[in-house]
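Novice: Whatever this is, show me its structure:
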Amino acid sequence: MTTSTEPLATTTVKDLTETPPRVNAPRRGRRSTKASVASHTVLIVASFVALFPIVWLIFLSLGPNKDDYLHPSRILDTATLSNYTHVLQHTNFLKWLGNTLIVSLGTTVIGVLVAATSGYAVSRMKFPGYKKFMWILLVTQMFPVAVLMVPMYVILSDLGLIDTYAGLIIVYLTTAVPYCAWLMKGYFDTIPVEIDEAGRVDGLSPFGTFFRLILPLARPGLAVAAFYTMITAWSEVAFANTFLLDDQKYTLAVGLQTFVSQYDAQRQYMAATAVLIAVPISLVFYLVQKNLVTGLTAGGTKG
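Specialist: Below is the predicted model of the structure:
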């Protein structure tokens, strides 16, 4: 018995005292060094491509002369904020800003309300032709601006809405509502139908269920729809330039073109105005950024 157990004991002790060789295998979920360097390089290049036009525009806005863009090195020695002072005090920038706020906020409020109710109706109420209705909304996005310009002008002229804020808001709604309706429909699909049923059990009407139960849960989707709608109205040029005739009703995008004439281009003022135009919409983006990613991704989880 003694002689037969000694080899086993010796082997066991030897196995325990030996240190197993280390294997430098990457852990699950961790990238290799080369992959990490490559991804960071791509992100740095993409960030540079995205930020360079903005930095360049701000840099040009500091040049006091309209031809400084031809000699950027001069701006380093003559940088000034006088362009911003001139735009704010000696142009109609504040008037353009007020006009843009009226059009943008009007388009946003009406557009989000129409898109949310349309998306909710298609998501919850399977009425005859509801699929065709959504496809019709999608088809309206296929036509270029140049094709829609003339018929829209004729319609607004017959309605007496040329050179009015209401006419411009209606035109912007034709662009914003179809996309936002699809967006909201996809987001409402992610909200359980049991919530609607619980609202009906508690005695709420369909409108009560929608406004008191569903909309609070759809805040991320509403934020995305509102941001897209506001961006559409804030930066659009073609329709505003065509349907607004009075310079006192110009929006910021149209007013920006006044710095360029047939024989002259005040590029330093144009650059300063462009920077000022970007400030309010950047603040809006900062306020809603927490909901943008959630609203954009949640709507794609269901049909």
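
Novice: What ranges in the stretch 51-200 of the chain fall below the confidence cut-off?
Specialist: Counting by pLDDT under 70, the stretch 51-200 of the chain contains no low-confidence residues.

Novice: Count the neighbours of the closest residue in space to Lys185 that isn't next to it in sequence for me.
Specialist: Closest residue in space to Lys185, ignoring its immediate chain neighbours: Gly119 at 3.7 Å, by Cβ to Cβ, 6 or more residues apart in numbering. For glycine as for every other residue, the C-beta is placed from the backbone atoms N, C-alpha and C. Neighbour count of Gly119, defined by other Cβ atoms under 10 Å: 27.

Novice: try the one 10 residues further on
Specialist: Other residues within reach of Gly129 by the criterion other Cβ under 10 Å amount to 9.

Novice: do the same with Asp246
Specialist: 9.

Novice: I'd guessed it sits against Ile162; true?
Specialist: No. With contact defined as Cβ atoms under 8 Å, Asp246 does not reach Ile162; the gap is 10.3 Å.

Novice: Can you list the buried residues in stretch 132-143?
Specialist: By neighbour count with 16 or more other Cβ atoms under 10 Å, stretch 132-143 contains the buried residues 134, 137.

Novice: send the alpha carbons of it over as PDB?
Specialist: Only the C-alpha atoms of stretch 132-143 are listed here, as PDB (Å, rounded to 0.1, in the frame of the first residue of the first chain):
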ATOM      1  CA  LYS A 132     -51.100  53.200 -48.000                       C
ATOM      2  CA  PHE A 133     -51.400  56.400 -46.000                       C
ATOM      3  CA  MET A 134     -47.800  56.000 -44.600                       C
ATOM      4  CA  TRP A 135     -46.400  55.200 -48.000                       C
ATOM      5  CA  ILE A 136     -48.100  58.300 -49.500                       C
ATOM      6  CA  LEU A 137     -46.300  60.400 -46.900                       C
ATOM      7  CA  LEU A 138     -43.000  58.700 -47.800                       C
ATOM      8  CA  VAL A 139     -43.600  59.300 -51.500                       C
ATOM      9  CA  THR A 140     -43.900  63.000 -51.000                       C
ATOM     10  CA  GLN A 141     -40.300  63.100 -49.900                       C
ATOM     11  CA  MET A 142     -39.100  61.800 -53.300                       C
ATOM     12  CA  PHE A 143     -39.800  65.000 -55.200                       C
END
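
Novice: Any chance you could list what contacts that stretch?
Specialist: By Cβ atoms under 8 Å, 6 or more residues apart in numbering, the residues outside stretch 132-143 that reach it are 118, 122, 174-175, 177-179, 181-182, 185.

Novice: rerun that using 10 Å as the cut-off
Specialist: Stretch 132-143 is contacted by residues 115, 118-119, 121-122, 127, 129, 148, 151, 174-175, 177-182, 185 when judged by Cβ atoms under 10 Å, 6 or more residues apart in numbering.

Novice: pretty sure Arg31 belongs to a helix, no?
Specialist: No. Arg31: not assigned to a helix; according to DSSP: H, G, I helix; E, B strand; the rest coil it is coil.

Novice: Spatially nearest residue to it (excluding sequence neighbours)?
Specialist: Ser39 (7.3 Å).

Novice: Give me the local confidence score for the one you found.
Specialist: Note for Ser39: predicted pLDDT of 87.

Novice: host element of it?
Specialist: helix 33-61 (DSSP states H and E).

Novice: list the helices and strands that helix packs on?
Specialist: Applying 3 or more Cβ pairs under 10 Å, 6 or more residues apart in numbering; DSSP states H and E, one finds that helix 33-61 contacts helix 75-78, helix 82-90, helix 267-298.

Novice: Quick one: list the elements packing against the shortest one.
Specialist: By that I understand helix 75-78. Helices and strands touching helix 75-78, as assessed by 3+ Cβ pairs under 10 Å, 6+ apart, comprise helix 33-61.
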